[in-house]
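Asker: Structure, please.
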Amino acid sequence: MKRLGILILLLATGCCVTLSESVTSSDSEVGIWNCFELQTEHPDVLDDPYRDTELQVTLTAPDGEVIHYWGFYDGGQTWKIRFSPNRLGEWRYEYWFKEKKNEVVKGSFKCVGSTTPGMVALDESNPFWLGLKGGEHRLFRSFHVGDRFFATNWDDPADEEDGNPRTAFLNWFQENGYNMMSVASHYTNRQEKSRGEGWETPKLWPLDYREFQKMEIILDELCERDITIYPFAGFFGAKGEWPAEHDEQELYIRYILARIGHYPNTILTVAGPEPFWRQDKSQYGWNMRMDDIVRLGKLIDENDVHDHVLTIHNEKRATKYGDPFIYDDWYEMSTLQGPTTLDRDELFGGLVSNHHPEKACFAQETLWFGNMFHPKYTNDDIRRNTLAILFAGAILNFADMNGNSSSGFSGTLDFEDLHQEQHDIVHKVWDWFETIPYYRFRTHQELVRNGFCLAEPGEEYYIYLDFENEFRMDLDYPHTFQSEWINAVNFEDVREGPELIERVKIRTPDGKPQWILHIWKSEE
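Answerer: Residues are numbered from 1 along each chain as shown. Reported below is the predicted structural model:
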């Protein structure tokens with residue numbers, strides 16, 4: 001059987017793909033969640049390689065599941081296939097160019113254990129939260145950055161003499177406990193003054209493999225650092241460049257997924273920000289109505305063989321009137337712009353009412369310090385809002401701005417604009433929250449008369465009293481519970497609580513709010 005060019009096997013070290021010498025398929029091993037990459041050549045020089053052919057792939061998992069996939073054009077006569085295996089054992093593959101169906105290349109590789117974290121997904125034991133495939137729990141700590149992060153005229157990865165501001169920022173980012181990043185101009189550049197205009201970010205449409213290669217250098221570093229990335233604008237961003245014709249949209253989606261779908265640290269977004277807010281020509285060119293979003297959401301989901309979390313950026317009124325996609329099968333995370341308020345009851349209620357019990361919730365624009373469309377948050381407000389968001393079971397995306405979403409430290413990534421004190425407050429709350437088994441809990445407001453409740457009913461409860469000093473609930477279980485009070489201003493201040501059974505009515509230790517009541521089942 002004639003081979004389609006030269007087969008080169010690329011083995012992954014972590015998430016970064018490195019070229020090795022050619023080896024036989026029986027020698028090849030790939031760590032689970034790492035990248036298996038094959039490179040081949042098309043025998044002909046094509047006029048339009050993005051449309052004139054397709055590199056078709058069939059992968060057979062160790063348990064016999066068959067996955068139909070495709071490769072991508074990468075310049076000259078070079079084509080590649082990238083895939084991240086999710087099961088241990090032998091994987092078999094076949095590939096061919098669609099016009100040369102009789103010229104099939106076959107091979108196999110062995111998926112072995114690795115230290116690479118699993119793909120970001122709904123938590124396997126409790127999909128109310130995000131977690132990692134493979135069963136690992138993770139508290140996602142997100143920070144929003146503006147439009148320059150991927151720009152080569154801010155920091156060119158190939159230029160070691162430009163100060164490397166991206167590296168300096170990422171070092172600060174991880175030193176401060178962040179592990180997730182929301183990026184404004186990622187797949188598409190928001191061509192708007194004082195936002196994306198002027199920043200030379202990768203231009204992904206029209207398709208150009210060189211632009212993707214620029215982006216992948218940065219994505220590789222984020223993967224190596226185990227930083228989850230959320231593309232704020234998604235595939236179809238406001239004022240961005242993307243196709244409007246349906247056939248071209250499918251080509252665009254499939255090419256992006258073929259190139260970067262293997263990254264375990266990415267979340268997918270259909271469109272943003274708030275495609276329902278302004279449907280005029282300036283934002284989405286009348287091409288992102290409800291039927292477009294649903295069609296594209298289903299299309300992305302059907303073509304995503306790696307099964308990433310898929311969402312869309314909703315506008316603020318969704319928290320008041322409801323997330324319109326919350327019951328759609330393709331939609332796994334509710335991404336919300338609000339409520340933006342100092343009223344913790346309103347904040348908690350808006351998030352909880354849009355948090356499907358089997359899906360995650362992302363408080364994307366819900367606590368943006370310094371943003372012109374948010375209230376002026378005091379340090380006390382930041383701490384209390386962070387607690388309310390976490391007790392709603394939501395992932396917090398914090399920001400540090402001075403006007404719009406592309407201003408301040410979130411926009412400039414210049415340490416002179418940094419408000420470190422406010423970051424420290426948020427991280428102190430995250431640090432405490434991570435000490436409790438939050439991933440076992442869901443919100444259970446039906447159990448309490450006041451306070452914000454996360455619980456595993458009958459076993460363990462955490463209730464945050466933000467503005468009440470008296471707690472009432474019914475413990476409808478035939479056993480005794482122990483309790484303790486945790487000071488929500490100073491988490492190190494923990495005081496013994498009473499023994500509880502059946503109906504509970506008690507006051508906070510000092511008769512004031514801002515306490516967390518921890519209740520757990522007594523040992524038999």
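Asker: Which parts of the stretch 301-450 of the chain are strands?
Answerer: Taking DSSP state E, counting those that start in this stretch as the test, the strands found in the stretch 301-450 of the chain are 310-311, 333-336, 360-371, 395-403, 442-443.
Asker: I'd like these laid out as CSV, including mean pLDDT.
Answerer: Listed next are the strands of the stretch 301-450 of the chain as CSV, based on pLDDT from 0 to 100:
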stretch, mean pLDDT
strand 310-311, 98
strand 333-336, 97
strand 360-371, 98
strand 395-403, 98
strand 442-443, 98
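Asker: so what's Thr115 up against?
Answerer: Gly31 (Cβ atoms under 8 Å, 6 or more residues apart in numbering). Glycine gets a C-beta too; all of them are placed from N, C-alpha and C.
Asker: that's a strand at it, yeah?
Answerer: No. Assessed with DSSP: H, G, I helix; E, B strand; the rest coil, Thr115 is coil; it does not lie in a strand.
Asker: And it, what's its pLDDT?
Answerer: Thr115 is assigned 95 on the pLDDT scale.
Asker: go on, Ser28?
Answerer: Looking at Ser28, its pLDDT is 89.
Asker: where's it relative to Thr115, distance?
Answerer: 19 Å (Cβ to Cβ, to the nearest Å).
Asker: Over to Asn86?
Answerer: Distance of Asn86 to Thr115, given as Cβ to Cβ: 15 Å.
Asker: So which of the strands of the stretch 301-450 of the chain is nearest Leu299?
Answerer: strand 310-311 (10.6 Å; Cβ to Cβ).
Asker: That closest one pairs with which strands, and in what direction?
Answerer: Strand 310-311 has the following sheet partners, assigned by DSSP bridges: strand 268-269 (parallel).
Asker: For the helix or strand just after the strand it pairs with, enumerate the helices and strands it packs against.
Answerer: Where DSSP states H and E defines the elements, the next helix or strand beyond strand 268-269 is strand 271-272. Applying 3 or more Cβ pairs under 8 Å, 6 or more residues apart in numbering; DSSP states H and E, we find strand 271-272 packed against strand 236-237.
Asker: ok, the strand it packs on: who's next to it in the sheet?
Answerer: For strand 236-237, pairing defined by DSSP bridges yields strand 271-272 (parallel).
Asker: Share the number of residues neighbouring the nearest residue to Lys133 once chain neighbours are set aside, please.
Answerer: If the residues on either side of it in the chain are set aside, Lys133 comes closest to Gly118, at 3.8 Å by Cβ to Cβ, 6 or more residues apart in numbering. Applying other Cβ atoms under 10 Å, we find 20 residues neighbouring Gly118.
Asker: Could you do Leu447 as well?
Answerer: Other residues near Leu447 number 16, with proximity taken as other Cβ under 10 Å.
Asker: That one and Cys453 touch, don't they?
Answerer: Yes. The criterion here is Cβ atoms under 8 Å, and Leu447 meets it with Cys453 at 5.8 Å.
Asker: overlap in contacts of the two?
Answerer: By Cβ under 8 Å, 6+ apart, the residues touching both Leu447 and Cys453 are Tyr461, Met473.
Asker: Val504 reaches Glu470, doesn't it?
Answerer: No. If you go by Cβ under 8 Å, Val504 and Glu470 don't touch, sitting 10.5 Å apart.
Asker: got the contact list for Glu377?
Answerer: Not Glu; residue 377 is Tyr. So Tyr377 contacts Leu342, Leu367, Phe369, Asn385, Gln422 (Cβ under 8 Å, 6+ apart).
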